[in-house]
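# Sequence plus predicted model, see below.
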Amino acid sequence: MFAHLPLTALRGFESAARLGSFAAAAEELSVTPAAISHQVKSLEQWLGTLLFERTGQGVRLSEAGKRLHAGLHQAFVGLNAAVVPLLPDEATNTLVITTTPAFASLWLIPRLGDFYARCPHLNVRVETAEALTDLARDASVHLAIRATFNAEPDLYQVTLFEEHFAVYTPHGWSPSVAQAPVLIDMPWASSVPGTPDWPQWCAMAQHQHWLSRPGRRSYADEQHGLLAAISGHGLVLASDVLVADSVSKGLLQPYLPHLRLPAATYRLSCLPGRERLPAVRMFMDWAIEIAGA
């Protein structure tokens, strides 16, 4: 039934289509770019249609190539899911997760001990970056945990949290509305469309006079902003997800807790089909349970 499928050429095409480059595909498959070009050309001849359009800037998928890649990628994901459970333990016990540095430090890593207690045979490698990882291009990453404003239809996604922003103060801080406090800014927030900021919160609280106070503190990293607030340097407008542990430990307390601004949604994301891998499934089930608790 499958005897005549050109599997080597199909694998070369899938890699080139996913990575957008014959050279990148050659590096991934440990062959030469000429070998990838030959594989693609032989596949095009076998199918009787062009899969790539050659341009001055390189290659891009034709409409036929796009259709083939969509189905072929799913097929390879399914094939991988069938094979991986049968591999020796040392080949399957590492789960690679990408997320932001703040979420890793403030939520994920403090809770990983509970995951290891339940799944001692698995090892979680956390990779952090502010930029989104393209899961279709980086096959080494199993899962991503990101706060985004829109679902991504090309990925399998499960919601962990609906994030809200509120104002937090050092424990025991007593407000004096007549004298506006120091506000801690995190400039990254205003660069992400949809992220709440101080003008929005102050308008909702009718505290617009706070915005005119000089000497506001700026931090480019959420962790640094929270540490500044814990140290008594001012008030911070922060994600309830990232501040949860500081509140539970009594380091910070919400100010006007009924005033919350909706923000992003934290989602577990992976390529469709990868959610069926045993290690991925165990981590997703655990994360959903812990998030719900």
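Here it is on my side, so go on. Residues are numbered from 1 along each chain as shown.
# Which positions in the top strand by length along the chain come out as buried?
Using DSSP state E, we find that the single longest strand of the chain is strand 156-170. Judged by neighbour count (16 or more other CB atoms under 10 Å), strand 156-170 contains these buried residues: Tyr156, Gln157, Val158, Leu160, Phe161, Glu163, Phe165, Ala166, Val167, Tyr168, Thr169, Pro170. Bear in mind the C-beta positions are built from the backbone N, C-alpha and C, glycine included.
# Who's the closest spatial neighbour of Gly78, skipping the chain neighbours?
Leaving aside its chain neighbours, Gly78 sits nearest to Gly273 (5.5 Å; criterion: CB to CB, 6 or more residues apart in numbering).
# pLDDT wise, what is the one you found at?
If you check Gly273, the pLDDT there is 83.
# Quick check, it in contact with Ala82.
No: using CB atoms under 8 Å, Gly273 is not in contact with Ala82; the gap is 10.1 Å.
# These two: who's more crowded?
The neighbour comparison of Gly273 against Ala82 (other CB atoms under 10 Å) goes to Gly273, with 18 against 10.
# ok so, going back, okay, who's weakest in the buried residues of strand 156-170 by pLDDT?
Among these, Pro170 carries the lowest pLDDT, at 88.
# sorry, back to before: could you please name the strands the longest strand of the chain pairs with and the direction of each pair?
strand 235-239 (antiparallel), strand 252-255 (antiparallel), strand 261-270 (antiparallel) (DSSP bridges).
# neighbouring strands for the next helix or strand after it, and are they parallel or not?
Next in sequence after strand 156-170, counting helices and strands by DSSP states H and E, comes strand 183-185. Partners of strand 183-185 in the sheet, by DSSP bridges, are strand 217-218 (parallel), strand 235-239 (parallel).
# Of those, which stretch is the most buried?
Among these, ranked by average contacts under mean count of other CB atoms under 10 Å, first place goes to strand 235-239 (a mean of 26).
# And the next helix or strand past that one?
Criterion used, DSSP H and E; the element after strand 235-239 is helix 240-248.
# Who are the packing partners of that following helix?
helix 101-103, strand 156-170, helix 222-230, strand 252-255 (3 or more CB pairs under 8 Å, 6 or more residues apart in numbering; DSSP states H and E).
# Tell me the buried residues in that helix?
Buried-residue list, helix 240-248, by 16+ other CB under 10 Å: Asp240, Val241, Leu242, Val243, Ser246, Val247.
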